[in-house]
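> Just a sequence and a predicted model for now, questions to come.
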Amino acid sequence: MSDIWGYQPTTGYTVGTNLTGYKVEATDGSIGKVDKHSDEVGSSCIVVDTGVWIFGKHVLLPAGTITLIDASEKKIHVSRTKAEIKDSPEFDKDKHLGDPGYHEAVGEYYDAPRL
């Protein structure tokens, strides 16, 4: 099992960098902006406000899905398609932040082998 909850060294992430407001790009287009992020060991992630793309919902993406952080462009690239992100476990920031069961479900979803 890979470390889906950790920033990979090749992403260009520097601990302490504030990613809030960065645009997020899936492999096939823009999905929104970072609303919140965490660099907590074992549960690093970004919460993306998808705006009108999926009816104003938020999605949680583990740091291991990030392939590149471009600080000059304020843009984050992730290794998933829009459809994969849209089909991820539904996120409710009032219920799911700090919920180990939800954390496990998201980790399993994103760490599963992709076809």
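Ah, there it is. Numbering: from 1, shown residues only.

> what's the neighbour count on residue 110?
24 (other CB atoms under 10 Å). Using the backbone N, CA and C atoms, a C-beta is placed for each residue, glycine as well.

> Kindly confirm my reading that it is in a helix.
Yes. Under DSSP: H, G, I helix; E, B strand; the rest coil, residue 110 sits within a helix.

> Hmm, residue 65 and it touching each other?
Yes. The pair residue 110 and residue 65 passes the contact test of CB atoms under 8 Å, sitting 5.7 Å apart.

> Show me where the protein dips below the pLDDT cut-off.
Along the chain, segments meeting pLDDT under 70 span 1-2, 53-55, 114-115.

> any idea how far residue 101 is from the residue nearest the centre of the chain?
By CA atoms, centre = their mean, the chain has its centre lying nearest to residue 61, at 2.2 Å. The spacing between residue 61 and residue 101, counted by CB to CB, to the nearest Å, is 18 Å.

> Tell me the secondary structure at the closest residue to residue 4 other than its chain neighbours.
By the measure of CB to CB, 6 or more residues apart in numbering, the closest residue to residue 4 outside its immediate chain neighbours is residue 64, 3.8 Å from it. On the three-state scheme (three-state DSSP), residue 64 is labelled helix.
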